[in-house]
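1. Sharing a sequence plus its predicted fold:
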Amino acid sequence: MAILLPLMPQTYSFNAPALGGMPFFYWYQLLWVPISAALSGVAYRLVTTEDRRRRAAARAGAAGLGGDAANGNERP
């Protein structure tokens, strides 16, 4: 959404409504800068949280196996 809408200028190429003397065309584009940053931050947080959870689960699983099985040297 934050990538698609700014790529369609025909949907926002208007002068009104002006915000602080700045035409809509300009402030609409600038509005997407903090929105995109916030969405990127949320995505980063979700990915790093999930990565930490998976790494902790893998460490706990490897520690629970003990001995050679934790190193992949298990025998049938």
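-> Thanks, I have the structure now.

2. Could you tell me the model confidence score at residue 20?
-> What the model reports as pLDDT for residue 20 is 86.

3. Now do the contacts for it.
-> Residues in contact with residue 20 (C-beta atoms under 8 Å, 6 or more residues apart in numbering) are residue 27. (Glycine included, C-beta is placed from N, CA and C.)

4. Could you pull up phi and psi at it?
-> Residue 20 has phi and psi values of phi 60, psi 30 when expressed as degrees, to the nearest 10.

5. State the distance from it to residue 11.
-> 22 Å (C-beta to C-beta, to the nearest Å).

6. And for residue 2?
-> On the measure of C-beta to C-beta, residue 2 and residue 11 end up 14 Å apart.

7. So which of the two has more stuff around it?
-> residue 2 (13 against 10; other C-beta atoms under 10 Å).

8. Does the more buried one lie in a helix or a strand, and which?
-> With elements delineated by DSSP states H and E, residue 2 resides in a region that no helix or strand encompasses.

9. which regions of the chain lie under the pLDDT threshold?
-> Residues of the chain meeting the criterion pLDDT under 70: 1, 65-76.

10. Residue 6: how many residues sit nearby?
-> Taking other C-beta under 10 Å as the neighbour definition, residue 6 ends up with a count of 17.
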